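**Q** Here's my sequence, what's the structure:
(chains A and B)
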Amino acid sequence: AQSVAQPEDQVNVAEGNPLTVKCTYSVSGNPYLFWYVQYPNRGLQFLLKYITGDNLVKGSYGFEAEFNKSQTSFHLKKPSALVSDSALYFCAVRQTGANNLFFGTGTRLTVIP
Amino acid sequence: DGGITQSPKYLFRKEGQNVTLSCEQNLNHDAMYWYRQDPGQGLRLIYYSQIVNDFQKGDIAEGYSVSREKKESFPLTVTSAQKNPTAFYLCASRTGTGLFYEQYFGPGTRLTVT
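**A** Here you go, the predicted structure:
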């Protein structure tokens, strides 16, 4: 069975400060990990994914995520937050051989001017 | 959102009526998905289809039905058997397998049933 946990429903950060949105996962075998962002009343937009290789993955809009196998984590990070980063962020996992993604419950990020 | 269209953006229905949500893609993707989004619950998979004329139930298929007669189209019917149909519905399509797997999402349809 696969699962994803996003332990924080809400993250607040001041504009210009670094941000972290946490994600931990549980799968059998090697994981494929994804981050998506959702703006109000819109679909999900792909940010980045980890498949294999370098544990630090760089994605869209200056976001990056660090894969940590021992901690089964895939935290999303950005060095300097923008007000426009305020949105709902979803972590997702796909187990090797599976056809589907399994999503976390989402974390609402608010960047305070 | 490009490449996947969902219509309408907002949909209102009376309780007891069936309603069909449209999803069309021009990305030439074989696989398509329907998710339901509720506050605090993330996305839950309703149905998915790997190829035309074939589809499988997801985690919360009860009260829903789908068809896949064309590669481009994957409509979802919310039946009167669905006990709590008010939600935001997202359609997605998928490209690639293995290392190249990626899902693309439509803009969503917000269904309100009263």
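**Q** Please state the backbone phi and psi of the residue nearest to residue A:62 when sequence neighbours are not counted?
**A** Spatial nearest neighbour of residue A:62, chain neighbours left out: residue A:78 (5.6 Å); criterion: Cβ to Cβ, 6 or more residues apart in numbering or on different chains. Just so you know, the C-beta spots here come from the backbone N, C-alpha and C atoms, and that holds for glycine as well. The phi/psi pair for residue A:78 (degrees, to the nearest 10) reads phi -150, psi 130.
**Q** so what pLDDT did residue B:106 get?
**A** Residue B:106 is assigned 95 on the pLDDT scale.
**Q** thinking again about what came up before, so the residue nearest to residue A:62 sits right up against residue A:87, yeah?
**A** No. Counting by Cβ atoms under 8 Å, residue A:78 stays clear of residue A:87, with 11.9 Å between them.
**Q** where are the low-confidence patches of the chain?
**A** This is for chain A. Counting by pLDDT under 70, chain A shows no low-confidence range.
**Q** my question was about chain B
**A** If you take pLDDT under 70 as the line, chain B has these spans: B:1-2.
**Q** From the centre of it, give me the residue that's furthest out.
**A** Within chain B, the residue lying farthest from the chain centre (Cα atoms, centre = their mean) is residue B:99, at 24.3 Å.
**Q** show me what contacts it?
**A** Contact analysis of residue B:99 by Cβ atoms under 8 Å, 6 or more residues apart in numbering or on different chains lists A:51-52.
**Q** quick one: it is in a strand?
**A** No. Membership of residue B:99 in a strand is not supported by DSSP: H, G, I helix; E, B strand; the rest coil, which gives helix.
**Q** And the strands in the chain?
**A** Just going to use chain A. A:3-5, A:10-14, A:19-21, A:24-26, A:31-38, A:44-50, A:56-58, A:64-68, A:73-78, A:87-95, A:102-103, A:107-112 (DSSP state E).
**Q** Chain B was what I was after
**A** With strands called from DSSP E, chain B shows them at B:4-7, B:10-13, B:19-25, B:31-38, B:42-49, B:56-57, B:64-66, B:76-78, B:87-95, B:102-105, B:109-113.
**Q** Distance-wise, check the residue nearest to residue A:62 relative to chain B.
**A** To chain B, residue A:78 is 21 Å away according to Cβ to the nearest Cβ, to the nearest Å.
**Q** quick one, what contacts that residue?
**A** Neighbouring residues of residue A:78 by Cβ under 8 Å, 6+ apart: A:18-19, A:61-64, A:85.
**Q** what's the nearest residue to residue A:21 if we skip its chain neighbours?
**A** residue A:76 (4.3 Å).
**Q** burial count for the one you found?
**A** 26 (other Cβ atoms under 10 Å in any protein chain shown).
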